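# Have a look at this prediction, sequence included:
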Amino acid sequence: MGQEKMKNLIRVEKEEMRTHVESQIEEMKEHVNRSIGKVEENVQGVKTEIDKVQGKISILEQRINDLEIRPNNIPASPELMYSRPMVKSLTFDGQTSWTVFKTQFDVVSSRNGWTGHVKASQLVAFLWGSAAEVLQGIPAKKLTDITTIVKALERRFGDSHLTQFYRTELKTRRQKTGESLQVLTPDVERLMSLDYAECPQDVRESLAAQYFVDAIRDEDTQHATRLMDAKDLKSVLAYSMKYEAAKTFSKTSRNVRSMEIKDGTGKENDEKFDCLLKKLWKNY
């Protein structure tokens, strides 16, 4: 009987000990989890502080860069500090027009007064994707030479190899059915800018006027506009639109002329139309 009681006591003590140990383990787990949570919060706080510091560093780097690229003879006035073009968003990845990007880059570099060395480093920084891959074919010592970099990019992404294509498209461009002269005009201008970008302005205007006349669909309008011999696209467009308006008026008047003859008004309208045409020719 005594042994049985002893066994029960031992069993009870073991159960109490097991329960106590399990309780301690659970408390330790909770403590560890709380500690991990605090550590994660601290890590997140540190990351936030790092981001803030990096943001401040970026601002300082930009200010230092502004000081380095500003010409020595230009004072650091507030006007120059805040009116300067934003260049961070200026990038080229080879998917957009190289000509357009090059124009933007030239304007920004001129506005900031960049030297050749600075222009080269800035251009390299603006390249992404396939455009940046072009740099792999340039010797390291030439990566500070703006001329070398620009030539490499023009060979890869320039429009010079498309000149013949644009010229052919311009020569064969014809006014489509239902297409107005106002819609035709900007397309001719677009092709002219792609094909004759290097020509003087007066030459481009004269050529644009010729190509526009060639593209007019209506033969009468085309012939009359060609006889006008205008030297710029704006004048050609204005005349051709007036001629079309006069021609439309003429057709409309002929449809009702037979009715007007009966009441004696036909001659009067003919005189009005003749007067309209005389004014049109007089203006040109």
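Received, thanks.
# Quick check, pLDDT for T148.
Here the pLDDT value assigned to T148 is 95.
# got the contact list for it?
Shown in contact with T148 (CB atoms under 8 Å, 6 or more residues apart in numbering): 138, 142. Every C-beta, even on glycine, is put in place using the N, C-alpha and C of the backbone.
# can you pull the buried residues of the helix or strand where it lies?
In this structure, T148 sits in helix 146-157 according to DSSP states H and E. Buried residues in helix 146-157, counted by 16 or more other CB atoms under 10 Å: 146, 149-150, 152-153, 157.
# Which strands and helices lie in contact with the helix or strand harbouring L60?
Using DSSP H and E, L60 falls within helix 2-69. Of the remaining helices and strands, those touching helix 2-69 by 3 or more CB pairs under 8 Å, 6 or more residues apart in numbering; DSSP states H and E are helix 116-126.
# Give the other helices and strands that the following helix or strand past the helix it packs on contacts.
Next along the chain after helix 116-126, taking DSSP H and E as the criterion, comes helix 129-133. If you count contacts as 3+ CB pairs under 8 Å, 6+ apart, helix 129-133 packs onto helix 146-157.
# Report the distance from the helix it packs on to the chain centre.
20 Å (CA atoms, centre = their mean, to the nearest Å).
# Tell me what angle that helix forms with helix 116-126.
30 degrees (axes from the mean of the first three to the mean of the last three CA atoms, to 10 degrees).
# Go through the helix or strand that helix 146-157 is followed by and flag the buried ones.
Note on helix 146-157: by DSSP H and E, the next helix or strand toward the C-terminus is helix 163-171. Within helix 163-171, the residues that count as buried by 16+ other CB under 10 Å are 166, 170.
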